[in-house]
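1. Okay, predicted coordinates and the sequence, questions at the end:
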Amino acid sequence: MERRTIGATALETGAVGLGCMPMSWAYTSSHQRGEESVRALHTALDLGANLLDTADMYGPFTNELLLGRVLRERRAEAFVSTKAGLLVGDQHIVANGRPSYIRRACDASLRRLQTDTIDLYQLHRADPEIPIEETWGAMADLVRAGKVRALGLCAVGARASRRSGTGVGRPAAGGLHDGTIRQLERVQQVFPVAAVQAELSVWSPEALTALLPWCEARGIGFLAAMPLGNGFLTGTLTPGSGFEPDDIRARHPRFTAEMMAANQPVVAGLRRIADRHGPTVTPAQVALAWTLAQGRHVIPLPGTKRAHWVRENAAAPQLPLSPSDLTEITSLPAPMGSWD
């Protein structure tokens, strides 16, 4: 697989990574099978999709434990990215950025992952009661202690309101990531940011307006979360089929039967381009290729728990989108339905 580097750290990974969250959290629990997920992780490493992205809150904790089973055997082949700063309770999630907590969280993640070092340690969310500089300083101490190689920041959720007439390649203007950029400017004064993780996909392109250029200008890597639109851009979801109650999409306004039906032209456009490239090319691969085309510092993190989809996603860097393909994607209809 094509290799890309994460920011000025020159940490190298495969051009496409693997989002591990669906293996144990937020998606249909009846489909979460440990052995199937372990096969997916091994497949990703076999194919060079070696950036494995997790977080202590996924499960909570069970996602890191799952990865640890594979890392115990294949740590040298993997680029391990995990996160801290959010605590999951009954019916609520709260931020905790206290330095003492960050230190304990890192040690706990290291134990669960069965490794001595985390390649990329990300702050999931800033704690509004703790200056972010204090949290980031504690994370920087972990780098100095040799427990962490580089630091990353997850973007604050962007408003996804779109103005009438805004297409896929023309994100709505207006400071959607201003809060994240302000945080980045503050923590950069404490210790360098190696990567920023934020949503970026064909139907959620808001990061293209300011956040992605901000990162590119400073040599900061960009990890594109949800590059397949929580599965919608794969073209495998049927409007009206519904989701199990514990699936986050069951409560998401963009995944109502009405909105899924209304947004089918976006998938149809991706499928049209895929068909031109050959009978085995899929809409998901076109969506990932579009994400990869947004810059050499961009690494998409499609989430899955099945080896079949890992293989499909890992082939995306080999799909050469032409300028006319990219223009066609830019002119696809704007997605309908709120994304926040």
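-> Happy to help now that I have it.
2. chain center to stretch 105-118: distance?
-> 20 Å (Cα atoms, centre = their mean, to the nearest Å).
3. tell me which residues in that stretch are buried?
-> Burial within stretch 105-118, assessed by neighbour count using 16 or more other Cβ atoms under 10 Å, is assigned to 105-106, 109-110, 112-115, 118. Yep, even glycine has a C-beta here, placed from its N, CA and C like the rest.
4. what do you get for stretch 94-107?
-> Buried, per 16+ other Cβ under 10 Å, within stretch 94-107: 95-98, 101-103, 105-106.
5. And for stretch 148-156?
-> Those would be 148-156, for stretch 148-156 by 16+ other Cβ under 10 Å.
6. tell me the mean pLDDT over stretch 198-218?
-> Stretch 198-218 shows an average pLDDT of 95 in the prediction.
7. Sort out which residues of it are buried, please.
-> Under 16+ other Cβ under 10 Å, the buried positions of stretch 198-218 are 198-207, 209-212, 214-216, 218.
8. Report the secondary structure state of I299.
-> At I299, secondary structure determined by DSSP: H, G, I helix; E, B strand; the rest coil is strand.
9. Next, count neighbours for it.
-> 28 (other Cβ atoms under 10 Å).
10. mind checking pLDDT for the nearest residue to A315 once chain neighbours are set aside?
-> Spatial nearest neighbour of A315, chain neighbours left out: Q285 (6.2 Å); criterion: Cβ to Cβ, 6 or more residues apart in numbering. If you check Q285, the pLDDT there is 98.
11. Identify the residues contacting Q285.
-> By Cβ atoms under 8 Å, 6 or more residues apart in numbering, Q285 lies in contact with 274, 312-313, 315-316, 319.
12. so how far is P302 from it?
-> 10 Å (Cβ to Cβ, to the nearest Å).
13. With M139 instead?
-> 26 Å.
14. How about L270?
-> From L270 to P302 the distance is 14 Å (Cβ to Cβ).
15. cool, G19 as well?
-> 6 Å.
16. The two: who's more crowded?
-> P302 (29 against 26).
17. Surely that one touches N230?
-> No - counting by Cβ atoms under 8 Å, P302 does not reach N230; the two are 10.4 Å apart.
18. give the contact list for the spatially closest residue to F255 that is not a sequence neighbour.
-> In space, F255 comes closest to R249 once its chain neighbours are excluded; the distance is 4.1 Å by Cβ to Cβ, 6+ apart. Residues near R249 by Cβ under 8 Å, 6+ apart: 27, 230-231, 243, 255.
19. burial measure for P320, as a count.
-> Neighbour tally, P320, other Cβ under 10 Å: 9.
20. Need the three-state assignment for it.
-> Under three-state DSSP, P320 comes out as coil.
21. State the distance from it to R276.
-> 12 Å.
22. Then G7?
-> Distance from G7 to R276, by Cβ to Cβ: 34 Å.
23. Of these two, give the one with the bigger neighbour count.
-> Taking neighbours as other Cβ under 10 Å, G7 and R276 compare with G7 leading, 22 against 13.
24. list the contacts for the more buried one?
-> 150, 192-195, 219-221, 297.
25. swap the cut-off to 7 Å and go again
-> 194-195, 219-221 (Cβ atoms under 7 Å, 6 or more residues apart in numbering).
26. Quick check: the farthest pair among the residues you listed?
-> A195 and G219 (10.6 Å; Cβ to Cβ).
27. Tell me which of these two has more neighbours.
-> Using other Cβ under 10 Å as the criterion, A195 and G219 rank with A195 on top: 24 against 16.
28. What ranges does the stretch 201-340 of the chain have for its helices?
-> For the stretch 201-340 of the chain, applying DSSP state H, counting those that start in this stretch gives helices covering 211-217, 257-262, 264-277, 283-292, 307-314, 323-330.
29. Of those helices, which is nearest L65?
-> Using Cβ to Cβ, the nearest of these to L65 is helix 307-314, at 19.6 Å.
30. Sort out which residues of stretch 239-255 are buried, please.
-> By neighbour count on 16+ other Cβ under 10 Å, the buried set for stretch 239-255 is 239, 243, 247, 249, 252, 254-255.
31. what does stretch 38-52 give?
-> For stretch 38-52, by 16+ other Cβ under 10 Å, it's 38-45, 47-52.
32. Counting only helices, which of these make the cut?
-> If you go by DSSP state H, the buried residues of stretch 38-52 have 38-45, 47 in helices.
33. can you redo these as JSON lines with pLDDT and distance to M57?
-> Output for those, formatted as JSON lines (pLDDT from 0 to 100; distance: Cβ to Cβ, whole Å):
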{"residue": "V38", "pLDDT": "96", "distance to M57": "21"}
{"residue": "R39", "pLDDT": "96", "distance to M57": "24"}
{"residue": "A40", "pLDDT": "97", "distance to M57": "20"}
{"residue": "L41", "pLDDT": "98", "distance to M57": "19"}
{"residue": "H42", "pLDDT": "98", "distance to M57": "24"}
{"residue": "T43", "pLDDT": "98", "distance to M57": "25"}
{"residue": "A44", "pLDDT": "98", "distance to M57": "21"}
{"residue": "L45", "pLDDT": "98", "distance to M57": "24"}
{"residue": "L47", "pLDDT": "98", "distance to M57": "27"}
